[in-house]
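J.: quick check, what structure comes out for this input:
(chains A and B)
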Amino acid sequence: MTGVRVEIVRSACAGYANCLDVAPEIFDLDEHDVAVVSAGEFPAEQRQLLEDAAHRCPAKAIIVTDAD
Amino acid sequence: MTDSVDPLMVDPDNGIISREIFVSQDVFDTELEQIFARAWLFIGHESQIPEPGDFFNSRMGTESVLLTRDSEGEIHVLLNSCRHRGMKVCRYDEGNTHDFVCPYHGWSYSTDGTLVSVAGELFGVPHYRAGYDRKLDRSQWGLIPTAQMVNHHGLIFATWDPDTPSFDEYTGGFRFWLDNLAANTAGERGRVKALRGVQKWRIKANWKFVSENFLGDNYHGPTSHSSVDAVGLGPGGKEAPTRHGDNKKPRSIGSTSFFDLGHGGVTTAGYAWGYPEFEDENMTTYFQQRWQQREQRLEAEDRPIGGLGPSTMFPSMSLHAGAFPRALIVAHPVGPTETEVWRWFLVDDDLPEDIESWLRRWYLRYSGPAGLVEQDDMENWDYATDASTGTIARRYPYNYQLGLGMASPSEVLDDAVESSYLMTEENARNYYRRWAALMSGASWAEIDQARGGK
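T.: Residues are numbered from 1 along each chain as shown, chains lettered A, B, ... in the order given. Purely as a prediction, here's the structure:
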């Protein structure tokens, strides 16, 4: 199965922190209150969790795509 | 603002109404509190929001509300004002979205059931961790929903007051007019759709002039609309005079008033005229068939054949419930001498394309800001309001004595009185009786107790 790539659009993130509710082990906020992810790619079984986090982001700052 | 108005301002029993209620800022402010925050108000038509996520930006009184359909298909009416600093969370007339992100500070509300448990709930605020330490209780700061909402065969109504009587109780026998508005030309309820594009414009008139005009004012037709009647475009139809001064005897269509509910119509529940003849024979044949279907259906469903003409549901929604036209207008208050009027046109949801097109053009020529008949009325409403604002003018009340003491109980409806002569101000007198009852500040229970029956 194809892995999942997660990208944060830093200019869009407003620190809603909703992603932390969904996947606190994957997302965090940096000293500028902008979301960061713990890795660039994740295994396919975490796709649903990551897409939920993207869905819950009011700023649409989380982009989930297939890894190469 | 005052809590209530001087009861001497309106004297329906004697047909005397003070001009103050049409021009006073105090009275206007009280109307917002005692009438628009309590009455059932029209919000929009279900066909305007067919899909999950669809919204229509509507209005209740002076306030913006969002008519929305959530991800589960349920309809909601939400106050369009952010709970943080009051900014309109949505500034579009209509569209599709589940997220309403406030453009001021970014507070985000949703109608998506996967994000929130209640439609309109706050599901995100910027800097929730850094700024609020994740302690803000988002469940307590959602968009304000109306207290009650009803979908009456596709017509959506709502009220802010949890104590307002049920919609059925509030409308009484007037529901037959609403049923006709919601029905296609064959009488099937729930089978109409709103033509795209609600027309909105402002007039320098008190909002009650609009409501009163359609409520039962058959009196103004021959004078105000004689020129549009003369060229064959007016409300008189084939019976109308063909030139100035050529007034024929008025038809005995009667006039119905819902004595203590305040609604009214210019025709009775028992009277209906058939559909008109058209230049296009196919249209004439089509609508004759539809009329026959309508007669059979209404008889089978025990619904009265009439209730088709212009009418008003208290306080501010007026309608033409027949097909020619089938339209509604809502008079939204802006100030004592300014009103924003919104007009919808409704057509059968299964009309042949050429007939729908013909109707659309005819409706637009008849009503709305460019409609010839509406322009006649707007002249009157504007000038009457303006000429009533002066110091001297305000000392003298309006006369509502037409048909005083000439109404009798309806034989068809148990909560209405009818006038056998079509020109009467009985409807207006009863509308202002209802208006005064609400404006007194009395509770719904007190108002109900005081109802005298017909």
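
J.: neighbours around B:Ser139, how many?
T.: By the measure other CB atoms under 10 Å in any protein chain shown, the count of residues near B:Ser139 is 12. Heads up, the C-betas are built off the backbone N, CA and C, glycines and all.

J.: same check on B:His127?
T.: 15.

J.: cool, A:Arg5 as well?
T.: Neighbourhood size, A:Arg5 [other CB under 10 Å]: 17.

J.: that one belongs to a helix?
T.: No: applying DSSP: H, G, I helix; E, B strand; the rest coil, one finds A:Arg5 to be strand, outside a helix.

J.: who in chain A is up against chain B?
T.: Counting by CB under 8 Å from any CB of the partner chain, chain A comes close to chain B at A:14-18, A:20, A:29, A:33, A:55-59.

J.: try 7 Å
T.: By CB under 7 Å from any CB of the partner chain, the part of chain A that sits against chain B consists of A:Ala14, A:Gly15, A:Tyr16, A:Ala17, A:Asn18, A:Leu20, A:Leu29, A:Asp33, A:His55, A:Arg56, A:Pro58.

J.: neighbour-wise, give me the winner out of those.
T.: A:Tyr16 leads those on contacts (other CB under 10 Å) with 27 neighbours.

J.: ok, now which ones touch that residue?
T.: Neighbouring residues of A:Tyr16 by CB atoms under 7 Å, 6 or more residues apart in numbering or on different chains: A:Cys57, A:Pro58, A:Ala59, B:Gly124, B:Val125, B:Pro126, B:Tyr128.

J.: and the gap between the residue positioned nearest the centre of chain A and chain B?
T.: Centroid check for chain A by CA atoms, centre = their mean gives A:Ile62 as the closest residue, at 4.9 Å. Distance from A:Ile62 to chain B, counting by CB to the nearest CB, to the nearest Å: 12 Å.

J.: the closest residue to A:Gln46 other than its chain neighbours: how many residues sit nearby?
T.: Of all residues not flanking A:Gln46 in the chain, A:Val4 sits nearest, at 6.4 Å (CB to CB, 6 or more residues apart in numbering or on different chains). As a burial measure, A:Val4 scores 21 neighbours (other CB under 10 Å).

J.: cool, the one 5 residues further on as well?
T.: When neighbours are defined as other CB under 10 Å, A:Val9 has 14 of them.

J.: what sits against the residue lying farthest from the centre of chain B?
T.: If you look at how far each residue of chain B sits from its centre, by CA atoms, centre = their mean, the farthest one is B:Ala130, at 47.6 Å. Contacts for B:Ala130 were tallied using CB under 7 Å, 6+ apart; they are A:Gly15, A:Leu29, A:Asp33.

J.: how about 6 Å then?
T.: A:Gly15, A:Asp33 (CB atoms under 6 Å, 6 or more residues apart in numbering or on different chains).

J.: mind pulling up the pLDDT for residue 4?
T.: Went with chain A since none was named. Listed pLDDT for A:Val4 reads 95.

J.: not quite, go with chain B.
T.: Note for B:Ser4: predicted pLDDT of 57.

J.: how about the helices in the chain?
T.: All of this is about chain A. Assigned by DSSP state H, the helices in chain A fall at A:18-22, A:47-55.

J.: oops, I was thinking of chain B
T.: B:20-23, B:25-31, B:167-171, B:175-182, B:207-216, B:221-224, B:226-230, B:281-300, B:353-366, B:372-386, B:426-439, B:444-450.

J.: same list (those helices) but as TSV, adding mean pLDDT, mean neighbour count and distance to chain A.
T.: What follows is the helices of chain B, written out as TSV (pLDDT from 0 to 100; neighbours: other CB atoms under 10 Å in any protein chain shown; distance: least, CB to the nearest CB, whole Å):
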stretch	mean pLDDT	mean neighbour count	distance to chain A
helix B:20-23	96	21	46
helix B:25-31	97	18	37
helix B:167-171	97	17	35
helix B:175-182	97	25	37
helix B:207-216	97	26	38
helix B:221-224	87	17	52
helix B:226-230	79	19	52
helix B:281-300	95	15	46
helix B:353-366	91	16	38
helix B:372-386	93	18	43
helix B:426-439	96	25	40
helix B:444-450	90	12	39
